[in-house]
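Novice: 3D model of this:
(one chain, ligands or ions: 2)
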Amino acid sequence: MLFEKNRITDYNQPLLAAHRRRLAALTAETPAAPGILDKLVRFQVAIPSWALGTGGTRFGRFPGGGEPRNLIEKMEDIGLLHALTRSAGAISLHIPWDIPEDTMHIRSLAASLGLRFDAMNSNTFQDQPEQTLSYKFGSLQHVRPEIRRQAIDHNLEVIQYGIGLGSNSINVWLSDGSCFPGQLNFRKAFENTLESLREIYASLPQGWKMFVEYKAFEPNFYSMTVGDWGQSLLYANKLGPKAYTLVDLGHHLPNANIEQIVSLLMMEGKLGGFHFNDSKYGDDDLTVGSIKPYQLFLIFNELVEGMDDLGMDHASGLGWMIDASHNVKDPLEDLLQSLEAIMISYAQALLVDRTALSAARQDNDVVRAQEILQHAFRTDVRPLVAEARLRDGGALDPLGLYRMAGVRKNLIAARGMRTITTGL
Ligand code: PSV
Ligand code: MN
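Specialist: Ligands and ions are numbered 1, 2, ... in the order given. Predicted coordinates:
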């Protein structure tokens, strides 16, 4: 279900006067507003094809109906998010959940929805029905070379699909590791994984990047072979200049200082991509900004500072993606909330007075430094975020329009109540 341009303009009309009042009040106090608006308009976040259905836990799954039944319907859902927000202009595919059968058709559909193909994701964490060898004891790390071979070949196939779609990166997340002490020779597992990654790396086309995503635990609970940013950075450094670390917010042990990790990875020129979500305990896959919005702001603060120091373009310098999918919300409403939270944190980080902050640091004025950060964090930047959307043809209140238009009801009518999407 897609929105006509007129539909969005008509919806915005009665909201315009109040929006302009709020925006005028904010811009009067924010000299940097015009530059911030330009950056907000350009900033795009990829939506993974697996976030469009209701997620589950190992105890159950409670789909709300109208879930996309195939890749085309997934793309239509993302097209709808993009039409409303103008900030979801990319899609990230997982193979084999989303094999593009007709590449030309998929490419032209993406173009008509204003979407590009972000990082491709391989999957060696599940056994597929037609698969001959099992990943029960790992994939790229496996003690048996023929299983490593199968996993390498799968990644090479994913790159081929990516070439066909015009993507330019592959994200490798491995569930490899061990559940019990003694199960694994850590160094052997690392070396096998490195050797396998080297073969995939060698097949990267010109201009492509490889992201090595780490995760502290789950599904292996004693050791993960890419368990933290140190291990990911080791692989990335050994592989070469096209390999980068990917940070997923939910993949750390509790209380990890993710903003510091981000800052140092950027210093090393090795931060490649980012998966947004929120969590209270582990890889909870909760709506971005729903639990720890201040942490999200602090991360964006480091991202902006790091990208500016390196002269990177904010919109294209790193791979930005939401990686979340959970149990109780309408997935599209969840993604609208996540997109809003990302844009708010980004706008707040752009507001930070960096000259004053660096002077406060130089003077060891800890109180002033905190005040500067929290001034930006406590500024209500929502009128700026809404204005950026409005300028690009989006809805002033995407969630409001989504509900008013009865999107979920219409999707259920079109696709049925019992549809189940591919993915987790
Ligand atoms: C693993 O938890 C992860 O974050 C990786 O990014 C996967 O590709 C994604 O979830 C989907 O399984
Ligand atoms: Mn992830």
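Novice: so what's residue 142 up against?
Specialist: Residues in contact with residue 142 (CB atoms under 8 Å, 6 or more residues apart in numbering) are 135, 148, 151, 176, 192. No exception for glycine: its C-beta is placed from N, CA and C like everyone else's.
Novice: ok, now with 10 Å
Specialist: Residues in contact with residue 142 (CB atoms under 10 Å, 6 or more residues apart in numbering) are 124, 133-136, 148-151, 176, 189, 192-193, 196.
Novice: Over to residue 156?
Specialist: 122, 170, 199-200, 202-203.
Novice: Could you say which helix or strand holds it?
Specialist: For residue 156, the element it lies in under DSSP states H and E is helix 145-165.
Novice: after that helix comes which helix or strand?
Specialist: strand 169-173.
Novice: hmm, that next one touching ligand 2?
Specialist: No. Applying CB under 5 Å from the ion, one finds strand 169-173 separated from ligand 2 by no less than 5.9 Å.
Novice: Tell me which strands that strand pairs with, and in which orientation.
Specialist: strand 120-121 (parallel), strand 209-213 (parallel) (DSSP bridges).
Novice: just to revisit the earlier point, identify, from the contacts of residue 156, the entry nearest to ligand 2.
Specialist: Nearest to ligand 2 out of the contacts of residue 156 is residue 122 (CB to the ion; 12.5 Å).
Novice: okay, now that closest one: neighbour count?
Specialist: Other residues within reach of residue 122, judged by other CB atoms under 10 Å, total 26.
Novice: Spatially central residue in the chain, please.
Specialist: Most central in the chain under CA atoms, centre = their mean is residue 321, positioned 1.8 Å from the mean C-alpha point.
Novice: ok, now which ones touch residue 334?
Specialist: Here residue 334 is in contact with 51-52, 54-55, 285-288, 290, 322, 324-326, 328 (criterion: CB under 10 Å, 6+ apart).
Novice: Tell me the confidence at it?
Specialist: Looking at residue 334, its pLDDT reads 97.
Novice: Give me the PyMOL select line for the contacts of residue 142, limited to the buried ones.
Specialist: In PyMOL, this line selects whichever of those come out buried by 16 or more other CB atoms under 10 Å:
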select buried, resi 124+135+148+150+151+176+189+192+193+196
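Novice: can I assume residue 272 sits in a strand?
Specialist: Yes. Counting by DSSP: H, G, I helix; E, B strand; the rest coil, residue 272 falls inside a strand.
Novice: What's opposite the residue of the stretch 1-150 of the chain found nearest ligand 1 in the beta bridge?
Specialist: For the stretch 1-150 of the chain and ligand 1, the shortest gap (CB to the nearest ligand atom) falls at residue 121, measuring 4.7 Å. Residues in a beta bridge with residue 121, per DSSP bridges, are residue 94, residue 171.
Novice: Return the residues in contact with the residue nearest to the centre of the chain.
Specialist: For residue 321, counting by CB under 10 Å, 6+ apart, the contacting residues are 45-48, 51, 90-92, 118-119, 121, 171, 211, 246, 248, 273-277.
Novice: Just the ones of these in strands?
Specialist: Cross-referencing the contacts of residue 321 against strands under DSSP state E gives 46-48, 90-92, 121, 171, 211, 246, 248, 273-276.
Novice: Pull out the buried members of these.
Specialist: 46-48, 90-92, 121, 171, 211, 246, 248, 273-276.
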